[in-house]
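Novice: Model the following, please.
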Amino acid sequence: REGDLMIVRRAIAAQLLILCALVPVARAEQYNLDRCLELALEASTNVGVSREQLRSARSNVLRSYGGLMPNLNVNMWVGHSWAGPTTGIVIDDQGRPIQPSGFDYEQYSFSLQSQMSLFNWGANYNTIDQSKRGADAAAYDLEYTRDLVRALTIREYYELVRQNRLEEVQVANLEAKRRNLEQIEAFYKIGSRTKADYLQARVDYSNSELLLMNVRNAKALADARLKSRLDIPQDATLDIDQSLEFVPAEFDLNSEVDYMFEHRSDLLASRKRIDAARAGLSVSEKARYPSIDGSFSYGWNDREFPGSGETFKNNYSWSVGAFLNWNLFDRFQTKSNIQNAKAQHRIAEYNLQQAKIDAVLDVKQIVLNIEQARERLDLAEETVAAAEENLRLAEERYRVGAGTILETIEASSSLTSAQASLIDARVDYLVNRADLQRATGRLVTSQ
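Specialist: Now for the predicted structure:
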């Protein structure tokens, strides 16, 4: 029986293993750059703030249009009133003097008032123009905030790719140093290599371990930054696309600057703010002149609420009129508002001027970085090929006793440095290409 029981247990275990093999293993989601850009925009609080600022600016447009329309107020009152006895003499309908006693009654009232601006020298239209320009500026701010978030996401994405690639290079380098150390140690034990060679190889291996530790620390920081940008839990696995494939392109500085002046969102927002400030100045200046308003009112009051079709036909009053408003002395409030509006207009112009200066410098620096990255890319590709051949020759010379261990170590370090430079050049090109899209007002994309 024990043997049969053991067979049954083994059969059950085998079936469980088969079932486990059939169940697909859950894989961590791989995040490509487009997916990361989408998540970053959804998670960005800066984008959310800009979106709400745009909503607030558009509500100001609605309010400014309301300045052209009449307002309407309705008031109703219902209550019970008590009147006490009076010491005065009252004559009744038959001419007899009486001394009335106290009494109580129901009281009803209804009123309706309306008022609108008839003429204020176009100040209402200036207010509408000011609010519309402000809303346009807020829309451009939102667009630029989105581009900025995309550019920062691309930078952090490729920084993680850079560190992943550098880790691969350092791991391969450390493995080569480990094999070299084992070979030299074996030669040293049989007396064909000196102790100095062994110690030099040992130090070189330790230095490579330290470099790998530094790269992995930088990788962990880059991973944490990207997860924070995407609002992904820090303990989650972030698997990203490691490809760095692209076709280098040339960019003309003058063409990029011309395009930037016409399309960069923050410059367009600054121009709209100048227009809004100019409209606000016009509103302040027109407050010095008289304005004409119109009004309408209707009121009804009675002790009984009519229950028939004669409702509100008695005990009512209504009026229609126009009146002139002219504040002859407002304790310098209008003058202060005008001076402040002029200052705001000048500030907006200065901000645009400085923004243009900064934008031109930004574009020029990015174009120079792209050109440098392209040159570094071509040079790094040639250097990697030369470093690989140099390492091969150094190892061969050392194997036959014609070279030293120091030459082999230097050749290996040169190859690792060349491979890292190639990775840096590719990443820097892609990062600066995204920055150029942002700086010139183009849509920042993964392409």
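
Novice: What residues of stretch 252-263 count as buried?
Specialist: Taking 16 or more other Cβ atoms under 10 Å as the neighbour-count basis, stretch 252-263 is seen to contain the buried residues Glu256, Val257, Met260. Where C-beta positions appear, they are placed from N, C-alpha and C, glycine not excepted.

Novice: Tell me the first helix or strand C-terminal of the helix or strand harbouring the first one.
Specialist: Pointing back at Glu256 there. In this structure, Glu256 sits in helix 253-263 according to DSSP states H and E. Elements were assigned by DSSP H and E; along the chain past helix 253-263, the next helix or strand is helix 265-286.

Novice: ok, residues contacting that following helix?
Specialist: Outside helix 265-286, the residues within contact range by Cβ atoms under 8 Å, 6 or more residues apart in numbering are 120-123, 126-127, 129-131, 133-134, 136-138, 140-141, 143-144, 147, 260-261, 334, 337-338, 340-342, 344-345, 347-349, 351-352, 355-356, 359, 441.

Novice: Ok, stretch 244-255 next?
Specialist: Applying Cβ under 8 Å, 6+ apart, the contact partners of stretch 244-255 are 158, 161, 165, 363-364, 367, 370-371, 374, 377, 423, 426-427, 429-430, 433, 436.

Novice: how about 10 Å then?
Specialist: For stretch 244-255, contacts defined as Cβ atoms under 10 Å, 6 or more residues apart in numbering pick out 158, 161-162, 165, 258-259, 360, 363-364, 366-368, 370-371, 373-374, 377-378, 422-423, 425-427, 429-430, 432-433, 436, 440, 447.

Novice: leaving aside the residues next to it on the chain, what's closest to Leu211?
Specialist: The shortest distance from Leu211 to any residue that is not its chain neighbour, by Cβ to Cβ, 6 or more residues apart in numbering, is 5.5 Å, and that residue is Gln170.

Novice: tell me which element the one you found falls in.
Specialist: In this assignment (DSSP H and E), Gln170 forms part of helix 123-189.

Novice: Can you check which strand is longest in this structure?
Specialist: In the chain, taking DSSP state E as the definition, the longest strand is strand 103-119.

Novice: Let me see the mean pLDDT of that strand.
Specialist: When the per-residue pLDDT values of strand 103-119 are averaged, the result is 89.

Novice: Direction included, what does it pair against?
Specialist: Neighbouring strands of strand 103-119 in its sheet, by DSSP bridges, are strand 71-83 (antiparallel), strand 291-302 (antiparallel).

Novice: how about the shortest one: buried residues?
Specialist: Read it as strand 291-302. So strand 291-302, judged by 16+ other Cβ under 10 Å, has buried residues Ser291, Asp293, Ser295, Tyr298, Gly299, Trp300, Asp302.

Novice: same thing with stretch 277-295?
Specialist: Taking 16+ other Cβ under 10 Å as the basis for neighbour counts, the residues of stretch 277-295 that come out buried are 277-287, 291, 293, 295.

Novice: Show me how far it is from its chain's centre.
Specialist: 37 Å (Cα atoms, centre = their mean, to the nearest Å).

Novice: Let's see the distance spanning it from one end to the other.
Specialist: Stretch 277-295 has an end-to-end distance of 31 Å (criterion: Cα to Cα, to the nearest Å).

Novice: what is the rounded mean pLDDT of that stretch?
Specialist: The model assigns stretch 277-295 a mean pLDDT of 95.

Novice: mind showing which ranges of the chain have poor pLDDT?
Specialist: Applying pLDDT under 70 to the predicted model, the residue ranges of the chain that meet it are 1-29, 86-90, 92-100, 306-312.

Novice: who touches Ser291 in this structure?
Specialist: With contacts defined as Cβ under 10 Å, 6+ apart, Ser291 is in contact with Ser117, Leu118, Phe119, Asn120, Trp121, Ala123, Asn124, Phe323, Leu324, Asn325, Trp326, Asn327.
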